[in-house]
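K.L.:
Sequence first, predicted model second:
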Amino acid sequence: MRTFQLAIVLLYATLAGAATPDSSQRPVHSGPGDVERTFRPSVPEDLYVANRFIITLRSEVLGNTPEQRVAAIHKRLDDALDLNGPCSVSDSAVFSGRAILLDGRPLMYISPLDVDPTLGEDLNATTRNTLASLRTAIGEMREMRDSSAMLNNGLASLLFTALFLIVIWLLGRSRRWLRLEAVRLVKRSMARTGIKGGLTRGHALVIVVQRLAYSIIGLLMVVAFYFWLTAVLDRIPMTRAWSEQMFALLARGGLWMLEKVMDALPGLAVVLVILLITRWITRLIAAFFQRIAKGELEVAWIDPAIALPTRRVAVVLLWLFALVLAFPFIPGSGSKAFQGVGVLAGIMLSLGSSGVVSQAMSGLALMFNRIMRVGELVSVGDLVTGVVKEIGYFNSTITTLQGEEVNVPNGTIMANTVTNLSRHTGGKGVLWCASVTIGYDAPWRQVHALLQEAARRTPGLAADIPPVVTQHALNDFYVHYKLTSIVEGPVRETVSALHANIQDVFNANGVQIMSPHYVQDPERPKVVPKEQWDPGVH
């Protein structure tokens, strides 16, 4: 047996030496011990057959470097294929390594130094892998020399190419259909949401949907090209290894994604449970506050006017709590990338949301302090006077007496004096003050009587609460009178009628509604004679 091993190695050495220019100068080894002492580490060289990786040679054998060994192996393979034999691959233990035989002839030798234990390799496994790869590669090389097999491969490649072109043509034709579907989808969405306006090809929503659809088509084209290329390369023996590598890459990517999805399923299940429970609780809260707002349920600590704002705050806080609770179970939440995005989002939110937070806090203050309510007539400083239509988190809408809608930031409302004309000692209606300035030559008793008569003639003012006339200020050239009354009818129409009646009554009694100004002393003092202090009302 020992003699047979030595004979194989010597034959291998002879073949290896025939492939190198300096074979005649190599020393002759007289025994197995001398042969094994010639195994020395060297620069590694990969052996590829038919573009398929076979093994990495890392040692010199009988003075042959890995590069020379690879060249010799290729020459032996070509010679064996030229003989048109069965190309049977086997192995045999020779000394401390393994000899690979092709049709019973030495093809290559795997020395112990060709195996790298640091990579988890061992001689037996490396030999098995080498035999399997060689059998596949030799089969592909024989297939390349078979004209009938190559003809079939060529026809199959043409069929794959035709199918690929048909798929690309169909995807290209679908672009027009997707464009029309995008327009119809946007139209239906706008109809459901109540958004109005013209819809053209250049509409932003249409463009977004079309770009998304085109991106999906482009991705499908890339996938089709990838599978076509994999199929065509698989039909060519010399490129079949590349096709297998492409398919293995796709398979590894798919398995990696599947593994990540499977690993994330428990966390996603917990997140789903948290969201479902939170949604169920928010529905209960919404129904509870909705009944309070409608007056169907009375709770001492919640006013019906603030029931809906309280519901919104409670729902937002509950969802924030659910998000904090579910965050650790979100896949990737502990990664550095996720944390970096979170920090960046926090910085952007803190820098850009100061004004938003201020407006939102002002809106909450308006809702819960009940400075004003929807439907009440208020005056916000010198900015606007009107009926509150809506109190939002950021803006409040006030309808002026002229019917204009004014959106006032909540922060502006909180920074000004708010006069609520709907809240007064009278209890009902709106408190309204009509002002006139009359010269000092008009009897004040008459002015009081005229203003009260104008109020009496005005429909829409409270009949059970008499109007009050006050002398608000004694200015340099005139007296400032105020008529305070309760408006129970439509505010705009009632106030307009009151102003008209004031003009009519004053005109009928010969009292001018003027604010005189003087640049010098008048010729006669502007006083009312005593006998004219109370002329009455006509």
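P.N.:
Here it is on my side, so go on.
K.L.:
From residue 329, how far out is residue 266?
P.N.:
8 Å (Cβ to Cβ, to the nearest Å). The C-beta positions use only the backbone N, C-alpha and C, and glycine is treated the same way.
K.L.:
more neighbours, the two?
P.N.:
Set residue 266 next to residue 329 and count neighbours by other Cβ atoms under 10 Å: residue 329 wins out with 17 against 11.
K.L.:
Which residue is the nearest non-sequential neighbour of residue 420?
P.N.:
Closest residue in space to residue 420, ignoring its immediate chain neighbours: residue 378 at 5.2 Å, by Cβ to Cβ, 6 or more residues apart in numbering.
K.L.:
So residue 328, which state does it fall into?
P.N.:
At residue 328 the chain is in helix, as set by DSSP: H, G, I helix; E, B strand; the rest coil.
K.L.:
cool, and the one 10 residues further on?
P.N.:
Following three-state DSSP, the label given to residue 338 is helix.
K.L.:
Quick check, it in contact with residue 331.
P.N.:
No: contact criterion Cβ atoms under 8 Å: residue 338 and residue 331 do not qualify, at 9.2 Å.
K.L.:
Where does the prediction get shaky in the stretch 201-350 of the chain?
P.N.:
201-205, 305 (pLDDT under 70).
K.L.:
Tell me where it has helices.
P.N.:
204-234, 240-294, 307-326, 336-352 (DSSP state H, counting those that start in this stretch).
K.L.:
again, but for the chain
P.N.:
2-18, 32-36, 66-82, 123-144, 147-193, 204-234, 240-294, 307-326, 336-352, 354-369, 410-415, 444-457, 491-508 (DSSP state H).
K.L.:
nearest to residue 108, of those?
P.N.:
helix 66-82 (4.9 Å; Cβ to Cβ).
K.L.:
For that closest one, which outside residues touch it?
P.N.:
With contact meaning Cβ atoms under 8 Å, 6 or more residues apart in numbering, helix 66-82 is reached by 15-16, 18-20, 42-47, 49, 57-61, 64, 87, 102-103, 105-108, 138, 141-142, 145.
K.L.:
Which ones among these map onto strands?
P.N.:
With strands taken from DSSP state E, the overlap with those comprises 42-47, 49, 57-60, 102, 105-108.
K.L.:
Kindly indicate which of those residues lies nearest residue 271.
P.N.:
Closest approach to residue 271 among the ones in strands among the contacts of helix 66-82 (Cβ to Cβ): residue 46, at 47.5 Å.
K.L.:
returning to what we had before: what is the burial count for the residue nearest to residue 420?
P.N.:
Counted with other Cβ under 10 Å, residue 378 comes out at 21.
K.L.:
ok, residue 65 - contacts?
P.N.:
Residues in contact with residue 65 (Cβ under 8 Å, 6+ apart) are 42, 43, 45.
K.L.:
Serialize these to a markdown table and add fields for distance to residue 73.
P.N.:
Supplementary listing: the contacts of residue 65 in a markdown table, determined by distance: Cβ to Cβ, whole Å:
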| residue | distance to residue 73 |
| --- | --- |
| 42 | 15 |
| 43 | 17 |
| 45 | 10 |
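K.L.:
Quick check on those residues: which are buried?
P.N.:
42, 45 (16 or more other Cβ atoms under 10 Å).
K.L.:
Sort the contacts of residue 65 by pLDDT and name the bottom one.
P.N.:
Lowest in pLDDT among the contacts of residue 65 is residue 42, which has 84.
K.L.:
Once you drop chain neighbours, what's closest to it?
P.N.:
When the adjacent residues along the chain are set aside, residue 42 lies closest to residue 60, with 4.8 Å between them (Cβ to Cβ, 6+ apart).
K.L.:
wait, isn't residue 469 in contact with residue 483?
P.N.:
Yes: the pair residue 469 / residue 483 is scored as a contact, 5.4 Å apart, by Cβ under 8 Å.
K.L.:
what's the overlap in contacts for those two?
P.N.:
Here residue 469 and residue 483 have 451, 452 as joint contacts, going by Cβ under 8 Å, 6+ apart.
K.L.:
rewinding a little: which of the ones in strands among the contacts of helix 66-82 sit farthest apart?
P.N.:
Spatial extent of the ones in strands among the contacts of helix 66-82 (Cβ to Cβ) is set by the pair 43 and 105 at 27.4 Å.
K.L.:
so what's residue 397 up against?
P.N.:
388, 389, 390, 405, 406, 407, 408.
K.L.:
so what's the third one up against?
P.N.:
By Cβ under 8 Å, 6+ apart, the residues touching residue 390 are 374, 396, 397.
K.L.:
Go through the residues you listed and say which is closest to residue 238.
P.N.:
residue 397 (75.7 Å).
K.L.:
What separation do you get for the closest one and residue 384?
P.N.:
11 Å.
K.L.:
just for the protein, where's the confidence low?
P.N.:
Ranges of the chain meeting pLDDT under 70: 1-38, 189-205, 305, 351-357, 359, 426-427, 519-522, 524-538.
K.L.:
Restricted to strands, list the contacts of residue 390.
P.N.:
Those of those lying in strands (DSSP E): 396, 397.
K.L.:
Can you lay out the contacts of residue 390 as CSV showing distance to residue 280?
P.N.:
CSV is the format used below for these (distance: Cβ to Cβ, whole Å):
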residue, distance to residue 280
374, 30
396, 33
397, 33
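K.L.:
Let me know the closest of the contacts of residue 390 to residue 346.
P.N.:
residue 396 (29.5 Å).
K.L.:
Count the neighbours of that closest one for me.
P.N.:
25.
K.L.:
Am I right that it is in contact with residue 407?
P.N.:
Yes: the criterion here is Cβ under 8 Å, and residue 396 meets it with residue 407 at 7.4 Å.
K.L.:
And residue 374, how close does it get to residue 314?
P.N.:
In terms of Cβ to Cβ, residue 374 sits 20 Å off from residue 314.
K.L.:
what's near enough to touch the residue lying closest to residue 136 once chain neighbours are set aside?
P.N.:
Closest residue to residue 136 apart from its sequence neighbours, by Cβ to Cβ, 6+ apart: residue 52 at 6.5 Å. Residues near residue 52 by Cβ under 8 Å, 6+ apart: 133, 136, 137, 140, 240, 241.
K.L.:
Repeat that for residue 306.
P.N.:
Here residue 306 is in contact with 367, 368, 370 (Cβ under 8 Å, 6+ apart).
K.L.:
what does residue 49 give?
P.N.:
Residue 49 makes contact with 74, 77, 133, 134, 137, 138, 141 under the criterion Cβ under 8 Å, 6+ apart.
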